[in-house]
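Visitor: Just the structure for this:
(3 chains)
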Amino acid sequence: MSTVTKADSAAPAESAHPLAQRRPLGDRGFAILALASGLLVLVILVLIAVSTSQQASAWFSAEGLKIFTNNWNPANNQFGALAFIYGTAITAAIAVIIAVPVSIGIALLLTEVVPRRWARPIVYVVDLLAVVPSVVWGLWGILVLAPWLQHIYASIASGVHGIPVLENLFGGSNISGASFFTAGLILAFMITPIVTSLSREVIATTSTIDKQGAYALGATRWEMIRGVVWPHSQGGVVGAVLLGLGRAMGETIAAALVIGSSATITSHLFYPGYNMPAVIANQFGEASGTFRAALMGLGVLLFAFTIIINVIARGIVERSARRARGA
Amino acid sequence: MAVTAQPQAGPQKVDLREPPSWRRTKNRIMTWLMILAFVLTVIPLGFVFATVIAKGASVISWSFLTSGIPPAFSPAGVGGMGPAILGTLEITALATVIAVPLGILGAIYINEYGGKGLLSNFIRFMADVMTGVPSIVMGLFIYTIFTLHFGYSGLGGALALACLMLPIVIRSTEEMLKLVPDELRQGSYALGATKSRVTVTVVLPAAVGGIVSGCLLAVARAAGETAPLLFTILTVTSVNWNVFSGANTSLATQIFSNATQIYPGAQARGWGAALTLVAIAFIFMIIARLVTARFARYQN
Amino acid sequence: MQLRGRKQIAAVGGAVAVALLAACSSSTTSAPPAATGTGTGGATSGSTSAALSGTLNGSGSTFQANFQAAAIQSFKSVQSGMTVNYGGGGSGKGRTDLASGVVNFAGSDSPIPSKEADNFKGKTILYFPVLIGPITLAYNLSGVSTLKLDAPTIAGIFEGKIKTWDDPAIKALNSGVSLPSTSITTAVRSDSSGTTQNFSLFLMEAAPSVWTLGSSSIITWPSTARAASGNSGVAQVIKSTSGAIGYVDYSTAHTAGLSTAEVKNKDGNYVAPSPESASAAAAGTTVATDLTFHAVWAPGAQAYPITYQSWDLVNQSQSANNAAMLKAYLGYLLGPGQQILPTLGYAPLPASIDTSAKAQLDKIGM
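Guide: Below you'll find the model as predicted:
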């Protein structure tokens, strides 16, 4: 408080120190504490990258580029991980293909269709999907959904028997309830809340004037959505979808329980498969030496993929938000 | 519509309705598709909740919540999940104690001290990115830097969960701090308060409702996480009151191990644990919403 | 100080909470020394052992899991101050945990393989056999209540060469039974398992010309195999898949209510898995000085050919309290614990092996 009156006095340049340096110790300490906490985020990210890569270095040096081959054979010290990368990509793709239309549909429903009163209960219901922990999805998936789906898959498989492309996707002889498709389906349930809420945030920023203008020209609601809302929000929605993709890639426990634990590359979606987080969760406990380094390495790859996708996604969302603000 | 200049000889009926067209039908189809999207979401949700409640409720009882974890082959009525509940509560509590103060301070830096600066923008961006890091990577990270040196303990699990919670707390707190009107800060500065005083005594209390609600949601998320705990606590079946040393257990990891058991008793206990976990997460979510409704002074 | 009021209270409160929690840390693990451990040589079964306190952690073989769980519970009435935890996870995990020192004992169905020997450099590991049991061929085939199989046929099935139940090779062994044309789904272990190790060892010894996948705790099965973790997981796959067959330990298969096949033994007889046929197999095995042996493909008219065993591995050097606790618990497993085995579906150790194991208890902590 005394600093204020001092600055007011007429005495010329009485202190060589600027006001900031005369801050009390406690205040500066607090500022440093806040800065340190903020930097903690960066420190943790760097530490993750460094420490896990270090642990995985034995794998990278033993296998080199062969880590991208489909040759996972721990008994013979071979650790080509292509099957897991493939599995991660496939299950995430299935999850996104199923979840995105549904999420965008709900987001549009909430912002354009339902009266304001009904919006909140619907949001609550969608958020309930996020309340269910991942392991409970997995428990329900393996004990209830997978056995039930196995019958459905078997019927579909016998139905598409003989049809060229469909049989390669949905047919085959090794049909299992615990498979790529079941894992993708459960991942879709899990990423729907986040894609919905992010899409909704973006769509809600569409200017009312533009919307009213479209209606004034005689557009139906769908035409208005297509002509006004979509061009405005498409960047943000793409970002939301990418974030959902990143989430689906990294989701571990639900996938580990229902994916079938079989390291194979196959086009048949109803066959058991494997993906990166699932194999790490299932086999880490018993691995040692190069095996453990290989699983760590899969973790490093997973970290790298999700960071890249998240950076791109956040960049897109931010850019479209800036554009929407009229910058 | 034919508008003629003929003089009206009695009431003329003019049909002002738009003629049926493909456009309107398409609009209606799309509306129904959007409603279908919502219904498609409700179906698995209802399915899961119905199963968890039906299968879990038959097992839950006071003795279930307090008894020890029996061998896997024990029949359904025997034993319970007491140690797992204790483990979840103490590990999550420790994670909260670690993550919340650090997260709030970090958000304070980004919003109050950093402003539009390059560093604070970068930290904000990286915190967003960090929310997308898979939980299993956090588990591997803490395993590497902590568990390998100090052994399995609840503390390791709490550190991994804290890494998960930190970016969520930072981002939600920052959103709340942004909503506090600048006039409050300016008024305090005018009275001669230092920046830290302003932040702690004026801004934080103004945003506390929203901050608490955001933290509760982060806690609910952490309570249900399994992957970070898999490598750090060595799921055991005994009670461990000491969260800082010795292997521990939690509801989430216990459900994971029971999910692969063949014995119906173990599966039944798994459902009971699932119901307990969902109930805990649900209660946190309800409390968070109540706090927002009653205490958040400034809302989006 | 500018930071007054609320923040100070919070800081003090936090410090108090942390201090309280830290004060609780004295209650468990290694700190308090044992009260006059068991000094007198030989068997420790129940003889005047003083009250011990502390925690023992073990992990590993899921074959032993049911036995460990039951023994831990009844051991509480012998030493109420001790807490014993057994984590399962497969024999490979147990050996890994023991090598990195995170557990006091590891359950393993096979001796430490040569490629893991480096992890134990400089340590002396003691093997304590604890139980014997059959590996069953459990299957799910409605309408077929008895099934006879021999080693070459089993090898063919698990290599993916025999694909349907009505294959001539299976039909030849089961003349009176009508076999459907359902396709065979093999259920196998995805984790590093001693059960896999012993099962594949049996196939290597009994059908060397047919079995090409070697013997190891992790095997690269054909892509048509359905993998699951733990004996329990494999049993779950079999139970839920019609036409499935897999290798599961007797205790798990029996409790899960799965049908099991009769297997042709070395003497040419078809024997069903049971504690008795397992004991018959173990009776004639030769035991090495470090108490390792293997009971697969053992001779004997009534011997079950896929009988295996499990050890608890312990590091010889231990702190005084840990040594006393290990002697007490392992002594219990080798003494009164052996009585629980038949009810759980295992066979007790042959008397001579049991005695040698008890004598080896003294070596712990030396």
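
Visitor: if I look at the nearest residue to C:Ser277 once chain neighbours are set aside, how far off is B:Gly103?
Guide: In this structure, C:Ser277 finds its nearest non-sequential neighbour in C:Tyr304, 3.7 Å apart by C-beta to C-beta, 6 or more residues apart in numbering or on different chains. All C-beta atoms are positioned from the backbone trio N, CA, C, and that covers glycine. Noted for C:Tyr304: a distance of 60 Å to B:Gly103, by C-beta to C-beta, to the nearest Å.

Visitor: right, and the secondary structure at C:Ile132 would be what?
Guide: Secondary structure, DSSP: H, G, I helix; E, B strand; the rest coil: C:Ile132 is strand.

Visitor: How many neighbouring residues does the residue nearest to C:Ser277 have?
Guide: By other C-beta atoms under 10 Å in any protein chain shown, the residues close to C:Tyr304 number 30.

Visitor: Same check on the one 4 residues further on?
Guide: Residues contacting C:Tyr308 under the criterion other C-beta under 10 Å number 26.

Visitor: In the helix or strand encompassing it, which residues are buried?
Guide: Taking DSSP states H and E as the criterion, C:Tyr308 maps to strand C:307-315. Neighbour counts over strand C:307-315 (16 or more other C-beta atoms under 10 Å in any protein chain shown) mark C:307-315 as buried.

Visitor: Considering those residues, which is situated nearest to B:Thr199?
Guide: Using C-beta to C-beta, C:Asn315 comes nearest to B:Thr199 of the buried residues of strand C:307-315, at 54.2 Å.

Visitor: wait, doesn't that closest one sit right on C:Asp97?
Guide: No: at 11.5 Å, C:Asn315 does not count as touching C:Asp97 under the criterion of C-beta atoms under 8 Å.

Visitor: Listing partners with orientation, what would you give for the strand holding C:Tyr308?
Guide: Its sheet considered, strand C:307-315 pairs with strand C:105-108 (antiparallel), strand C:125-140 (antiparallel) by DSSP bridges.

Visitor: Buried deepest among those strands, which one?
Guide: Ranked by mean neighbour count, these are led by strand C:105-108 with a mean of 30 (mean count of other C-beta atoms under 10 Å in any protein chain shown).

Visitor: Excluding chain neighbours, what is closest to residue 238?
Guide: No chain was given, so I picked chain A. In this structure, A:Val238 finds its nearest non-sequential neighbour in A:Ile316, 5.7 Å apart by C-beta to C-beta, 6+ apart.

Visitor: try chain B instead
Guide: Nearest one to B:Ser238, counting by C-beta to C-beta, 6+ apart, is C:Thr83 at 4.8 Å.

Visitor: ok so, going back, of the strands paired with strand C:307-315, give the one that comes closest to B:Leu40.
Guide: Set against B:Leu40 and scored by C-beta to C-beta, these come closest in strand C:125-140, at 33.9 Å.

Visitor: how far out from the middle of the chain is the closest one?
Guide: 6 Å (C-alpha atoms, centre = their mean, to the nearest Å).

Visitor: so for the helix or strand just after that strand, what's the average pLDDT?
Guide: For strand C:125-140, the following helix or strand on the C-terminal side (DSSP H and E) is strand C:148-149. The pLDDT scores in strand C:148-149 average 92.

Visitor: Tell me the first helix or strand C-terminal of whatever helix or strand A:Val102 lives in.
Guide: Here A:Val102, judged by DSSP H and E, is contained in helix A:82-108. Next helix or strand after helix A:82-108 toward the C-terminus (DSSP H and E): helix A:116-131.

Visitor: what sits against B:Val204?
Guide: No, residue B:204 isn't Val; it's Leu. B:Leu204 is in contact with B:104, B:108, B:211, counting by C-beta atoms under 8 Å, 6 or more residues apart in numbering or on different chains.

Visitor: Looking at the residues you listed, which is nearest chain C?
Guide: B:Ile104 (11.1 Å; C-beta to the nearest C-beta).

Visitor: ok, C:Val177 touching C:Leu149?
Guide: No: C:Val177 lies out of contact with C:Leu149 (C-beta under 8 Å); the separation is 11.8 Å.

Visitor: count of neighbours near C:Gln316?
Guide: Neighbour tally, C:Gln316, other C-beta under 10 Å: 13.

Visitor: whoops, I mixed them up, C:Asp267
Guide: A count of nearby residues for C:Asp267, using other C-beta under 10 Å, gives 13.

Visitor: Equivalent analysis for A:Val144, please.
Guide: Neighbourhood size, A:Val144 [other C-beta under 10 Å]: 16.

Visitor: From chain C, how far out is it?
Guide: The gap separating A:Val144 from chain C is 11 Å, by C-beta to the nearest C-beta, to the nearest Å.

Visitor: you'd agree that residue is up against B:Ala50?
Guide: No: in this structure A:Val144 lies outside contact range of B:Ala50 using C-beta under 8 Å: 10.0 Å.

Visitor: so what's B:Leu89 up against?
Guide: For B:Leu89, the contact set (C-beta under 8 Å, 6+ apart) is empty.
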